[in-house]
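Q: predicted model and sequence follow; I will ask about them next.
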Amino acid sequence: MGASQSAGTEHEFQDLADRTGFSLEQIGNINKRFRQLSNNEETLSREDLASIPALDNNPIRAQIINAFFDKRNLHQNETGTVQEIGFEEFLMVMTHFRPAAMGLTEEERENLRREKLRFLFNMHDTDSDGTINLEEYRRVVEELLSKAGTIGQETAKAIADAAMLEVASTTRGKMEPDEFYEGITFENFLQILNTFDIETRMHVRFLHMDTATLRCGKSK
Amino acid sequence: GDFFLMLIRFLRFVFVGIGLPIEASAPAYQSHGTEGSHLTNITNTKKAFPVLAVNYEHVRKPFEIALWILLALLMKLGFHLIPRLSAVVPESCLLIVVGLLVGGLIKVIGEEPPVLDSQLFFLCLLPPIILDAGYFLPIRPFTENVGTILVFAVIGTLWNAFFMGGLLYALCQIESVGLSGVDLLACLLFGSIVSAVDPVAVLAVFEEIHINELVHILVFGESLLNDAVTVVLYNLFEEFSKVGTVTVLDVFLGVVCFFVVSLGGVLVGAIYGFLAAFTSRFTSHTRVIEPLFVFLYSYMAYLSSEMFHLSGIMALIACGVVMRPYVEANISHKSYTTIKYFLKMWSSVSETLIFIFLGVSTVAGPHAWNWTFVITTVILCLVSRVLGVIGLTFIINKFRIVKLTKKDQFIVAYGGLRGAIAFSLGYLLSNSHQMRNLFLTAIITVIFFTVFVQGMTIRPLVELLAVKKKKESKPSINEEIHTEFLDHLLTGVEGVCGHYGHYHWKEKLNRFNKTYVKRWLIAGENFKEPELIAFYRKMELKQAIMMVESGQLPSVLPSTISMQNIQPRAIPRVSKKREEEIRRILRANLQNNKQKMRSRSYSRHTLFDADEEDDVSEVRLRKTKMEMERRVSVMERRVSVMERRVSVMEREGRWRGRVSVMEREGKCDGEGG
C-alpha cells in the first residue's frame, strides 16, 4: 500500500481535493479504505461492497449499494447504473456526506440542501423518471420495515399510502376526484422536507483512522 | 395563620353581640376543660346547644396551604387576562413582584412572613418541575449534544465557582470594604452556591421565547446536569469551612465524590426507571392507577438518591428518560394524557409557588447589605459567565461538526439565570457562618438581577439579533420515514467508510434494546413493533379522536384528495341493488356499535379502554362509509359517461353499418356493372 504513494498520486489527490473540497488527509484515508475494499484493484464492484459485514443488518442495504453505482450521483448528467466504479467516483459519492462548513451564505446553504436531498431522492426514484410514484414509495417503506416480520409488511402499504396522501395534500391542496396524482417530483420532495435540517444531519465524520486496526482517532 | 385567628376573634365578637351561641377555639371532640368557671357548673347549667361552631385550629395547616396555592394560581390567572403585560414581562418577574407585595402586606399587619423553607423546597416543590423536564426531555438533540452539555455543566460551573470565589476573596482583603474577616473557604462556598445555572428560572424564561432547539437544549441540559457539581462543591466547602484547612487528599476525594454522586444518581434513577417499566407491563387490567406508578417510582428515585447524598436531579432525569419508551408502549392513551397533564399541572403550580415565595422571603429574611460586595458579585457573575462560555466554546468547536456561532454563544451566556436553588442552598447554611446574612442578600440580589434584567431583555434581544427560532412543525409521517431512512443510510455509509462512529454504536444499542430489553419490559406482542409503525398507529389514533370530537375530517386532510387520486382502481360496476345492500350493512353496524357502548355499565374501578378502540372502529367505519359513498358517486358519474358513450357508439354503429352496407352495395354494383 505504501508503494502506491508516488508523486503522481499526490498530484491527483491535490486535484481531487480542489474539486471536492476534502482535505488531503481525508482523501488519503478514503483512498486507503477504497484499496482495502477493492482488494488493491483499481475498481470497486458491487460484490466488494456487499461483502462488508457492517452492512449485514441494515434494512436498506441494497439501496445503499445501488446508490454508489448510480450515475446520477456522480455529478454527471446521465442516468443509469455502472457496474464498477473507480476511486474518483467513490469520492464523488462521499462528497454528499460532507458536513456544512461554517459561514456559508444563504445561497450556498440552499445549494447544499438541494444536493443532499437530491441524493435521497435518487435513492427512492429507482426508475430514474424524475418522480417517485406510489409503487416506488411503497417499496421504500417495505424495505425499511423488512426486518420487522409480517406485521411490517401489512402496515407498510398503509403507511406508504398515508405518506403519499400527505404529500399530495400539502403540495396540491385540492384535486378533483377524477384527477390523478402522478408522484412526488423533486420540488415536492423539497417542500415536504422543508423543516428537516438535512444540511446538519446528513454527514459522516471522516475520521483520521488507522485502517489496519480500524480504531477511531481524533477528528479533523 | 395568626391573621386568621384575629379574624375569628373579630367574628366571635360580632356574633356574641348578636346573641348567637358560638363556641370557638376548642376542638370538636375534646372535652371542654379550659373555660374556667363556666365548666364547674356544667352539670348544673345547661348551655345552649352550639348550632354553629368555628374551629380553625383543626384545619389550620391544610387550609393555609390550600389558600396559598389558590392565591398563587389566581395571580397566574390574572396575568394572562392582561394581554399587554404578559407579552412584555415574563411571568417569573410578575410572580416575584406579587410575592414582594404579599410579604410587605404581611409585615405591615405585624405578622412574620413565612420564608421559603429549604426542606419544603427540595422535597416538594422542586421534584415535579424536574420530573416534567426529564420525562419530556427531547432525547435526540440531548444525546447529539451531550458532550457539549457536559463540558458546560461541569467545567463551566467549576470555572464560575473558583473565579468568583477567588476574586471575592481578593476583594475582601482590601481594607476599605470592611470584610476582612471572610476567609477563602467561605468565599469559595459562596462562589459554588451562586455559580450554578438554575433549571427552574431557565425553564420559566426560555419557555416564552421559543428559541431554536440547539441553544435551548444546551442551556437547559447544562442547568440540569450541573446539579452534581453543585452538590459536591457545596458539601465539600461546607465541611472544610468547619475544619479550616484543605489537603491534597481532600481534593482528590472531592473529585472521586463527584463521580460517585453523578454516576450514582444516574444509576439509582435508571434502576427505578426499569422497575417502573416492568410494572407497567402488567397494568392492562388496572388502567386507572397507571399514572400513579410513574409518579411514585420517580419520586422514590429522587428520595432514595437524596438519602445517600447523591444527585437527586440526575436520578429523576435518568428515571424519566429510561422508563418513558417502555411505559408509553404499555399504557393506554388515556393514561398517557393523564400523565402529561398532571406533570404539567404540578410543575406549573410548583414554579408559581417558588417565585412567589422568593418574593416573600426577600421581604422576610434577615439582611446585611454591603454595597461593594453585592455589586461586585453581580458584575463578577456576568463576567465569569461570559468568559467561561467564550473560552469553552472555542475549545468545543474544535470537536463539533455543527459549530456554535457567536449568536448561539451570546444566548447561552445571557441565558445563564440563577434562581431558587441558589437561595435555598444559601438558606441551608447554618447560622454559625457569620457571613450568612450577607451571602443571602447577595444571592437574592443576583437572582433578582438575572431574572428581572436578563429575563426581561432576552426576548427583545433575541428579536434584535434575529436568532433562529424554533421551527413549528406538525408530526409528519414523511419526516418520520426519512428520519429512520437517514439513520440507516448514515449507519451504512459509516460501515462502507469502515469506522465505528456514532451511528454504528447507536445501531448496536437499538438492536440490543430490541432483542433483549424490550422483550422483558413491554407487554404482549408489542415489543416486536418497529418505531415507524408505532408512530403511524399513534397518528391514526390522534386523527380518529379528532374526527370523533369534531364530527368531520380534520383540516389536515382536505376532503377533496383521497386515495382515489393516488391510485385509481378499476371499480367494478356495482348494481344499484348491491349498493343499497352495502349501505344498509354499514348503517346497521354503526347502530350496533352505538347500542353496545350505551349498554356498558360504568364503574369507578374499571376504565374500559375498549371504549377508545370502539371509537376508533366507529371512525374507521365512518371513513370507509365516506370512501364508499365517494366512490359510488364517482362510479355513478362514470356510469353515466359510459352510458352516453355507449349510446353514441350505437348510433355510430348504425351509421357505420349503413355505410358498409352501402359500400358493399356499391362494390357489388361496381363489380356487377
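A: That came through, no problem.
Q: can you check what pLDDT the model gives the closest residue to residue A:118 other than its chain neighbours?
A: Leaving aside its chain neighbours, residue A:118 sits nearest to residue A:186 (7.0 Å; criterion: Cβ to Cβ, 6 or more residues apart in numbering or on different chains). (Each C-beta comes from the backbone N, C-alpha and C, glycine too.) The model reports residue A:186 with a pLDDT of 84.
Q: report the separation between residue A:186 and residue B:272.
A: 49 Å (Cβ to Cβ, to the nearest Å).
Q: and the two? which has more neighbours close in?
A: Comparing residue A:186 with residue B:272 by other Cβ atoms under 10 Å in any protein chain shown, the one with more neighbours is residue B:272, at 26 against 16.
Q: confirm for me that the more buried one is in contact with residue B:301.
A: Yes. Counting by Cβ atoms under 8 Å, residue B:301 is a contact partner of residue B:272 at 3.8 Å.
Q: need the residues touching each of those two.
A: B:315, B:319 (Cβ atoms under 8 Å, 6 or more residues apart in numbering or on different chains).
Q: let me know the pLDDT of residue B:516.
A: Looking at residue B:516, its pLDDT is 79.
Q: to clarify, my last question referred to residue B:543.
A: At residue B:543, the model reports a pLDDT of 73.
Q: could you check how far the helix or strand harbouring it is from the centre of its chain?
A: Under the criterion of DSSP states H and E, residue B:543 resides in helix B:531-550. From the chain centre to the centre of helix B:531-550 is a distance of 22 Å (Cα atoms, centre = their mean, to the nearest Å).
Q: how about it: buried residues?
A: Residues B:532-533, B:535-536, B:539-541, B:543-545, B:547 are the ones in helix B:531-550 that count as buried (16 or more other Cβ atoms under 10 Å in any protein chain shown).
Q: now those as JSON lines including distance to chain A?
A: Converted to JSON lines, those look like this (distance: Cβ to the nearest Cβ, whole Å):
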{"residue": "B:532", "distance to chain A": "6"}
{"residue": "B:533", "distance to chain A": "5"}
{"residue": "B:535", "distance to chain A": "9"}
{"residue": "B:536", "distance to chain A": "5"}
{"residue": "B:539", "distance to chain A": "8"}
{"residue": "B:540", "distance to chain A": "8"}
{"residue": "B:541", "distance to chain A": "13"}
{"residue": "B:543", "distance to chain A": "10"}
{"residue": "B:544", "distance to chain A": "13"}
{"residue": "B:545", "distance to chain A": "16"}
{"residue": "B:547", "distance to chain A": "15"}
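Q: so residue B:369 sits against residue B:441, correct?
A: Yes. If you go by Cβ under 8 Å, residue B:369 and residue B:441 touch, sitting 5.8 Å apart.
Q: how about the nearest residue to the closest residue to chain A within the stretch 401-550 of chain B, chain neighbours excluded?
A: Of all residues in the stretch 401-550 of chain B, residue B:495 sits closest to chain A, at 3.1 Å by Cβ to the nearest Cβ. Leaving aside its sequence neighbours, residue B:495 sits nearest to residue A:54 (Cβ to Cβ, 6+ apart; 3.1 Å).
Q: burial count for that neighbour?
A: Residue A:54, neighbours per other Cβ under 10 Å, totals 17.
Q: pretty sure it belongs to a strand, no?
A: No. Residue A:54 is assigned helix when assessed by DSSP: H, G, I helix; E, B strand; the rest coil, not a strand.
Q: quick one: secondary structure of the closest residue to chain A within the stretch 251-400 of chain B?
A: Proximity of the stretch 251-400 of chain B to chain A (Cβ to the nearest Cβ) peaks at residue B:399, 6.8 Å away. Of the three states, residue B:399 takes coil according to three-state DSSP.
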